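S.K.: can't give you the sequence, but here's the structure:
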């Protein structure tokens, strides 16, 4: 158990419907990212780097692949004595056939017995589908110093984007005085990051009360946080200024991958003192052909490049053949761009083949093309 007796619960059951075909068969947190990673590697690595050694991963939608991946605790160094990653599917039935979590808060309620087994003083609740690096132990220190019942990580966002988020309105000392879910006219631009630290005794009390409320959606934003505020509990905002991106859409997932190519983005996966760990894949080294034209690209092991690759991210075992052009593009594992094809401003899904001479995307397009099926080439 960690020194301050805090365990983490990662909410990883989301469907990720705005990622369309990318999440047809896998949960959103299991979607590949950054050449060789998965999205869930970020919260799991943050836990390991922050000294949290008990982590529950709450799965639901298309959970088999994510569950088997997360259960390999050794990937993040969480397999030593007294620590572990525990995969926690829903146990309550919505009907005769389907086990579900009714909401984010219900996901914790259904696992009260799991949490009590470790007798923590504090519980960290995380979204499993964001890209960021964060020292949760520093946030816990802030929570304890402020004698808070709940601490919510917030990040300033552009005012025009604030209506997309849960917004925390605070006083000058960052005490939360009001919560607004996706307000049309926000009073603040402090957006909730979906990262919470709760003093467990108080949270457990409110979860039990919420579970019997027939009008509740059993959601942290809609129900639990308002219950804290109406009950006079102390809620504080923990301001985070580092890189953070919710990769819930095709465009935002593409943008986060592109941020790896920008030295000023704040997203650096090469930092030795805060590593993002992932499953080690056995592949041959990358191959860059003698006529290849490569500029500002992330090219992972197993890739074969014989054409032009500019400002792009190539995942494990993807291939760009001779006379092919790939610009401002993400090639997911096993994707192939055949000879003479051109791909610009696109995200190519796993194992998709772009046929000879085909053209996908455009430099002046205002949206990113998601290609999840093979594209026929020129005959």
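M.R.: Received it, and whenever you're ready, just let me know what you need. Everything quoted here is computed from the prediction, not taken from an experiment. Numbers count the residues shown, from 1 in each chain.
S.K.: Make sure residue 224 is indeed in a helix.
M.R.: Yes - remark: residue 224 belongs to a helix, assigned using DSSP: H, G, I helix; E, B strand; the rest coil.
S.K.: Tell me how far it lies from residue 89.
M.R.: Residue 224 is 22 Å from residue 89, where distance means C-beta to C-beta, to the nearest Å. Placement of C-beta: from N, CA and C, glycine included.
S.K.: Could you check stretch 132-142 and say which residues are buried?
M.R.: For stretch 132-142, the neighbour count (16 or more other C-beta atoms under 10 Å) marks 132, 133, 134, 136, 137, 139, 140, 142 as buried.
S.K.: Quick check: closest non-adjacent residue to the second one.
M.R.: Leaving out its chain neighbours, the residue that sits closest to residue 133 by C-beta to C-beta, 6 or more residues apart in numbering is residue 274, at 5.4 Å.
S.K.: Isn't that neighbour up against residue 132?
M.R.: No - taking contacts as C-beta atoms under 8 Å, residue 274 lies outside contact range of residue 132: 11.0 Å.
S.K.: Do I have it right that residue 9 meets residue 128?
M.R.: No - counting by C-beta under 8 Å, residue 9 stays clear of residue 128, with 9.8 Å between them.
S.K.: roughly how far out does the longest strand that the chain contains sit from the chain middle?
M.R.: Ranked by residue count under DSSP state E, the longest strand found in the chain is strand 190-199. Computed by C-alpha atoms, centre = their mean, to the nearest Å, the chain-centroid distance of strand 190-199 equals 15 Å.
S.K.: same deal with stretch 121-132?
M.R.: 10 Å.
S.K.: what about that stretch, average pLDDT?
M.R.: For stretch 121-132, the mean per-residue pLDDT is 95.
S.K.: List the buried residues of that stretch.
M.R.: Using 16+ other C-beta under 10 Å as the test for burial, stretch 121-132 gives 122, 123, 124, 125, 126, 127, 128, 129, 130, 131, 132.
S.K.: Just name the closest of these to residue 297, please.
M.R.: residue 131 (19.0 Å; C-beta to C-beta).
S.K.: Am I right that that closest one is in a strand?
M.R.: Yes - Residue 131 forms part of a strand when assessed by three-state DSSP.
S.K.: My read is that it contacts residue 256, right?
M.R.: Yes - contact status for residue 131 versus residue 256: in contact at 4.9 Å, counting by C-beta under 8 Å.
S.K.: intersection of neighbour lists for those two?
M.R.: Counting by C-beta atoms under 8 Å, 6 or more residues apart in numbering, the common neighbours of residue 131 and residue 256 are 33, 245, 247, 267.
S.K.: A strand includes the second one, no?
M.R.: Yes - with the criterion set as three-state DSSP, the secondary structure at residue 245 is a strand.
S.K.: if you go through this structure in chain order, where are the helices?
M.R.: In the chain, the helices defined using DSSP state H lie at 41-49, 63-70, 104-109, 112-118, 136-145, 200-211, 225-230, 250-259.
S.K.: Make a markdown table out of those helices and add distance to residue 191 and mean pLDDT.
M.R.: Below are the helices of the chain laid out as a markdown table (distance: least, C-beta to C-beta, whole Å; pLDDT from 0 to 100):
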| stretch | distance to residue 191 | mean pLDDT |
| --- | --- | --- |
| helix 41-49 | 18 | 95 |
| helix 63-70 | 26 | 88 |
| helix 104-109 | 16 | 95 |
| helix 112-118 | 27 | 96 |
| helix 136-145 | 16 | 97 |
| helix 200-211 | 22 | 97 |
| helix 225-230 | 14 | 95 |
| helix 250-259 | 14 | 96 |
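S.K.: can those go into JSON lines with extra columns for distance to residue 365?
M.R.: Output for these, formatted as JSON lines (distance: least, C-beta to C-beta, whole Å):
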{"stretch": "helix 41-49", "distance to residue 365": "28"}
{"stretch": "helix 63-70", "distance to residue 365": "31"}
{"stretch": "helix 104-109", "distance to residue 365": "35"}
{"stretch": "helix 112-118", "distance to residue 365": "47"}
{"stretch": "helix 136-145", "distance to residue 365": "39"}
{"stretch": "helix 200-211", "distance to residue 365": "45"}
{"stretch": "helix 225-230", "distance to residue 365": "39"}
{"stretch": "helix 250-259", "distance to residue 365": "11"}
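S.K.: sorry, back to before: please say which of residue 224 and residue 89 ends up with more neighbours.
M.R.: Applying other C-beta atoms under 10 Å to residue 224 and residue 89 shows that residue 224 carries more neighbours, namely 26 against 16.
S.K.: Please report how far that one lies from residue 371.
M.R.: Distance from residue 224 to residue 371, counting by C-beta to C-beta: 40 Å.
S.K.: what's the least confident helix or strand in the chain by mean pLDDT packed up against?
M.R.: Ranked by mean pLDDT, DSSP states H and E, the helix or strand of the chain with the weakest confidence is helix 63-70, at a mean of 88. Where contact means 3 or more C-beta pairs under 8 Å, 6 or more residues apart in numbering; DSSP states H and E, helix 63-70 is packed against strand 54-58, strand 84-88.
S.K.: closest one to residue 326 among those strands?
M.R.: Here strand 54-58 is closest among these (C-beta to C-beta), at 34.1 Å.
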